[in-house]
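[1] quick one, fold the following:
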Amino acid sequence: MSTPPHPPPTQSPRKQTSILKPIIGLLILAAVAYGGWVVYKRTTPAEGEGPGGGGGGRRGAGGPSTITAQEAREMDFEEWTTVSGTVTPLNVVTVRSRVDGQLMQLHFSEGAMVKEGDLLAEIDPRPFQVQLDQAVGQKSRNEALLQNALADQDRYQKLLKQDSIARQQVDAQASLVSQYRAAMVSDTAAVAAAQLQLDYTKIAAPLSGRAGLRQVDPGNLIRSSDASGLVSITQMDPMGMVFSVPQSLVSLLVGHLNDGTEVPVEALGQDLRGVLAKGKLLTSDNEIDTTSGTLRLKAEFPNADSRLFPNQFVNVRIRVRVMPKSVTVPATAVQESSRGRFVYVVQPDNTVTFTSVESGATYRELTRIAKGLKPGDKVVTSGLDRLRDGSTVVVVSQPPGSGGGGPGGKKDDPAAAAEATGSQPTPGNPSPPGTAGTPGSAGARDGQQSHRKDS
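    This next block holds a predicted model:
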């Protein structure tokens, strides 16, 4: 009997799956690559086009970039630093009674301004008037006795000349006169003391300032030993301020105090944009705090409008030093790359040159250049995003109000003033208003964003 032929062998499902996996993977990879290429082509501008928006320079096909530029200027550059401080009155007085008695009247309003010498309160004067009358009566009595003793002394001296009286009696009378004279001195002091106690029943303001809330009401018995007193008075004008600076600035600031150089200080609000008051550095503490490495300073501010209030938290901007003949450029001109900070300098042939610089502090949107530029060099301030070393550019006029402190810039604008600082953070990162000025930050009015260059 013949054996039937076997059917041809078939591949198992597992083998078919292992063959399809590489093929599917290649298809997916190809699809992802194609999708990325499509997105790249759609988002990348055509050759010769600038980036859309942001104030970047635009150029036509093969044309030059449009930029704005300003010349580096030589000026006396002020380096400032901003720290936190607390408004601290120069004088605060707790008004207390100097005698014990019943409080009869109060002559001030809570929270009102009072002047030195103004009547604040009255204590019942009757007990002290009685003491004064007693002292005056005792003095009058002793004064009469002294007059009688002096008259007797004159008579005894005449009789002694006639040898009609013993010398011992004359000497005794002279001693009695001396006793009465001493009593008169004591009585005069007693009258003055009683008068002083009576005067103390009228409590006057010891200084000009703002009265606080009263601590006792009329009708209460008050004592000179009461710790809370009647009311506190705070001097409002001028006003003091206490703040701390890092020990790295101590030698400069204390040196100004020792030399008698006036150091300007500005008080800023919490938003760091409004200048509340302008004053001067007054004095410093006598030692550095070892826990924080800072030195406490005190400044004085005119405060006629009472914008500064005791214990108010403020930001303090203090001028550290003035560096004469410093080269400055707008802060937006300074950029950063892997080679460090740099600027683009516009050449006479309308090309730009990559120039490395050493920058210092930033104040009022101006950055001090320690090395790398000279006065008159024209640096690019906007349109930086498409530039390379040697790029051809077209320089347009600076928009009004832009440029950050350059010619036509708003140097005295409080918002611009809030950029003052003496520190140097990393360029390219926008800093909050009033903190360290940042070369290449978002300080420019034209909205130009900084781009890191590795050229």
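[2] need the contact list for Ala304.
    Contact partners of Ala304, counting by CB atoms under 8 Å, 6 or more residues apart in numbering, are Asp237. No exception for glycine: its C-beta is placed from N, CA and C like everyone else's.
[3] measure it to Ala267 for me?
    From Ala304 over to Ala267 the distance is 14 Å, taken as CB to CB, to the nearest Å.
[4] before we move on, what about Pro246?
    Separation of Pro246 from Ala267 (CB to CB): 19 Å.
[5] those two: which has the busier surroundings?
    Legend: neighbour count by other CB atoms under 10 Å for Pro246 and Ala267, higher for Ala267 (25 against 14).
[6] what about this structure, any weak spots by pLDDT?
    Low-confidence regions of the chain, defined by pLDDT under 70, span residues 1-19, 38-62, 398-455.
[7] spatially central residue in it, please.
    Val316 (1.3 Å; CA atoms, centre = their mean).
[8] secondary structure class for the closest residue to Val136 other than its chain neighbours?
    The shortest distance from Val136 to any non-neighbouring residue, by CB to CB, 6 or more residues apart in numbering, is to Val191 (5.6 Å). For Val191, the assignment made with DSSP: H, G, I helix; E, B strand; the rest coil gives helix.
[9] quick one: Val191 from Val185, how far?
    11 Å.
[10] sorry, back to before: report the contact partners of the residue nearest to Val136.
    Here Val191 is in contact with 132, 135-136, 139 (criterion: CB under 8 Å, 6+ apart).
[11] PyMOL command to pick out the buried ones of those?
    Buried members of the contacts of Val191, defined by 16 or more other CB atoms under 10 Å, are picked up in PyMOL with:
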select buried, resi 132+135+139
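[12] can you put the contacts of Val191 in JSON lines and add secondary structure?
    Converted to JSON lines, the contacts of Val191 look like this (three-state DSSP):
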{"residue": "Leu132", "secondary structure": "helix"}
{"residue": "Ala135", "secondary structure": "helix"}
{"residue": "Val136", "secondary structure": "helix"}
{"residue": "Lys139", "secondary structure": "helix"}
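[13] doesn't the residue nearest to the centre of the chain belong to a helix?
    No: per three-state DSSP, Val316 lies outside any helix segment and is strand.
[14] what helices or strands is the host helix or strand of Arg321 leaning on?
    Using DSSP states H and E, the element containing Arg321 is strand 313-330. Using 3 or more CB pairs under 8 Å, 6 or more residues apart in numbering; DSSP states H and E as the contact test, the elements touching strand 313-330 are strand 73-88, strand 239-246, helix 250-259, strand 264-268, strand 294-301, strand 366-371, strand 378-382.
[15] who wins for proximity to Val32 among the ones you listed?
    strand 378-382 (38.0 Å; CB to CB).
[16] what's the one helix or strand Arg210 maps to in contact with?
    For Arg210, the host element (DSSP H and E) is strand 209-211. For strand 209-211, contacts defined as CB under 8 Å, 6+ apart pick out 89, 91, 93, 108-114, 120, 205, 231-236, 306.
[17] quick check: neighbours of it in the sheet, parallel or antiparallel?
    strand 113-114 (antiparallel), strand 231-234 (antiparallel) (DSSP bridges).
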